[in-house]
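>>> This is the structure alone, sequence omitted:
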């Protein structure tokens, strides 16, 4: 296979975050194992990417210091750090345009010098935020590819809680087609990668260049060769790790598992309301999930002031939730100390870390916290 020289636009790709930042980083890192990848990112993600040591040829940092500060302040103060809000997506439109404009100014000389074979935009993943790069490259010299793109899932029927999460802006989604660069993005793209059947159907008019690639996948290294229990007659252990919001589709998991649950052939565990981070003890007997509990969504029916940690006991191939421990608002960063004796949980809203003590498989809150100068969205500890 010929190695391609790919310029990947991944402004928010970050191996130390969760959800879209981690998924898109994984896409880019996987491509870098097969091709020569130059990854263009925003400044706040640079350090995490360099620590990960993925085989990127180059990491191009696009610097927008003033816009970065405006966005960070607005996200924290106006949107209350609510990642799930569709209003945040709409608000991010001018910032996404600014990133690609700066990236074009910074890299166009390399593009026209023949240093790349293709440009791939992997972030934003939503289909409603268009790309100026498609317009810039409409006459070449290299093709532009967008995806995987996602979004536009209809709200699930039959769950009253889902109805209460609808936002007024949801009804305006179709207007994205009239935004600057919206039409040129898909008209001039050489290929469009759809990550869901919903998105594939939405862009069926481009079927001659539309490719269906479901995401996200699971790294093979995270999978056992045989996950079945060796005990005859033992129940299947099913676990759902995801926010309890429509797009995470917990209802689909429950419906799929229903026949097994009714026949008492399986046990279904839901790990909290909005898992945001996951860490495993170096001893291998515990894992801990940071649970949002709606602590960043004051107007939501499920809002609670503080998040929590779900403690998961690991016994061979069996995982059991044993405790829920309240911490601060919007816990995101979570990690064990190298000796496995303590857990540190970074509380984004309160700008501090909770300290919890581990004794075997029992975890207790020490009641102690230490302040940090910023909002801890991620953290690493040196061993």
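Looks like it arrived, so ask away. Note that the structure is a prediction, hence the values are computed from the model and not measured.

>>> now stretch 358-365: how far from the chain's centre is it?
29 Å (C-alpha atoms, centre = their mean, to the nearest Å).

>>> what comes up buried for that stretch?
Judged by neighbour count (16 or more other C-beta atoms under 10 Å), stretch 358-365 contains these buried residues: 358, 361, 363, 365. C-beta coordinates here come from the backbone N, C-alpha and C atoms, glycine included.

>>> Among those residues, name the ones in strands.
358, 363, 365 (DSSP state E).

>>> just these now: which is nearest residue 304?
Using C-beta to C-beta, residue 365 comes nearest to residue 304 of those, at 16.4 Å.

>>> Put together CSV for the ones in strands among the buried residues of stretch 358-365, with pLDDT and distance to residue 292 on each row.
Formatted as CSV, those follow (pLDDT from 0 to 100; distance: C-beta to C-beta, whole Å):
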residue, pLDDT, distance to residue 292
358, 94, 22
363, 93, 19
365, 93, 18
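
>>> okay if I get those as CSV plus distance to residue 349?
Listed next are those as CSV, based on distance: C-beta to C-beta, whole Å:
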residue, distance to residue 349
358, 24
363, 22
365, 17
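
>>> Would you check that residue 329 makes contact with residue 305?
Yes. Under the contact definition of C-beta atoms under 8 Å, residue 329 touches residue 305, with a separation of 6.4 Å.

>>> Let me know the secondary structure of the closest residue to residue 339 other than its chain neighbours.
Leaving out its chain neighbours, the residue that sits closest to residue 339 by C-beta to C-beta, 6 or more residues apart in numbering is residue 282, at 7.4 Å. With DSSP: H, G, I helix; E, B strand; the rest coil as the basis, residue 282 sits in coil.

>>> didn't residue 282 look like it was pressed against residue 340?
Yes. Counting by C-beta under 8 Å, residue 282 does reach residue 340; the two are 4.8 Å apart.

>>> in the helix or strand containing residue 309, what counts as buried?
In the assignment (DSSP states H and E), residue 309 maps to strand 308-315. If you call a residue buried by 16+ other C-beta under 10 Å, then strand 308-315 has these buried ones: 308-314.

>>> how about these in JSON lines, adding distance to residue 59 and pLDDT?
Formatted as JSON lines, those follow (distance: C-beta to C-beta, whole Å; pLDDT from 0 to 100):
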{"residue": "308", "distance to residue 59": "35", "pLDDT": "88"}
{"residue": "309", "distance to residue 59": "33", "pLDDT": "90"}
{"residue": "310", "distance to residue 59": "34", "pLDDT": "88"}
{"residue": "311", "distance to residue 59": "36", "pLDDT": "90"}
{"residue": "312", "distance to residue 59": "34", "pLDDT": "88"}
{"residue": "313", "distance to residue 59": "39", "pLDDT": "88"}
{"residue": "314", "distance to residue 59": "35", "pLDDT": "87"}
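
>>> residue ranges for the strands of the stretch 151-300 of the chain, please.
In the stretch 151-300 of the chain, the strands defined using DSSP state E, counting those that start in this stretch lie at 191-194, 210-212, 236-240, 266-270, 275-280, 286-291.

>>> Check what contacts the first one and list those residues.
Defining contact as C-beta atoms under 8 Å, 6 or more residues apart in numbering, one finds that strand 191-194 is touched by 143, 145-150, 186, 200, 202-203, 206, 209-213.

>>> Within its sheet, name the partner strands of that strand and how each one runs.
Using DSSP bridges, the strands paired with strand 191-194 are strand 144-149 (parallel), strand 210-212 (parallel).

>>> which of the buried residues of stretch 358-365 sit farthest apart?
Using C-beta to C-beta, the pair of those lying farthest apart is 361 and 365, separated by 15.6 Å.

>>> Quick one: find the helix or strand in the chain with the lowest mean pLDDT.
Least confident helix or strand of the chain, by mean pLDDT, DSSP states H and E, is helix 160-163 with a mean of 53.

>>> and which of the buried residues of stretch 358-365 is nearest residue 346?
For those, the nearest to residue 346 is residue 365 (14.6 Å; C-beta to C-beta).

>>> my read: the closest one touches residue 354, true?
Yes. Using C-beta under 8 Å as the test, residue 365 is close enough to residue 354 to be in contact (6.6 Å).

>>> Could you tell me which residues touch both of these two?
Counting by C-beta under 8 Å, 6+ apart, the contacts common to residue 365 and residue 354 are residue 327.

>>> would you turn the strands paired with strand 191-194 into JSON lines with mean pLDDT and mean neighbour count?
Converted to JSON lines, the strands paired with strand 191-194 look like this (pLDDT from 0 to 100; neighbours: other C-beta atoms under 10 Å):
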{"stretch": "strand 144-149", "mean pLDDT": "94", "mean neighbour count": "24"}
{"stretch": "strand 210-212", "mean pLDDT": "95", "mean neighbour count": "15"}
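
>>> Switch the ones you listed over to JSON lines; also include distance to residue 47.
Formatted as JSON lines, the strands paired with strand 191-194 follow (distance: least, C-beta to C-beta, whole Å):
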{"stretch": "strand 144-149", "distance to residue 47": "26"}
{"stretch": "strand 210-212", "distance to residue 47": "33"}
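
>>> Out of these, which gets nearest to residue 103?
For the strands paired with strand 191-194, the distance to residue 103 is smallest for strand 144-149, at 12.5 Å, taking C-beta to C-beta.

>>> So what's the gap between that closest one and the chain middle?
In terms of C-alpha atoms, centre = their mean, the centre of strand 144-149 is found 17 Å from the chain centre.

>>> Not counting its neighbours along the chain, what's nearest residue 129?
residue 96 (5.0 Å).

>>> helices and strands around the helix or strand hosting residue 106, which ones?
Taking DSSP H and E as the definition, residue 106 sits inside helix 93-112. Under the contact criterion of 3 or more C-beta pairs under 8 Å, 6 or more residues apart in numbering; DSSP states H and E, helix 93-112 touches strand 5-9, strand 36-42, strand 58-62, helix 65-77, helix 132-136.
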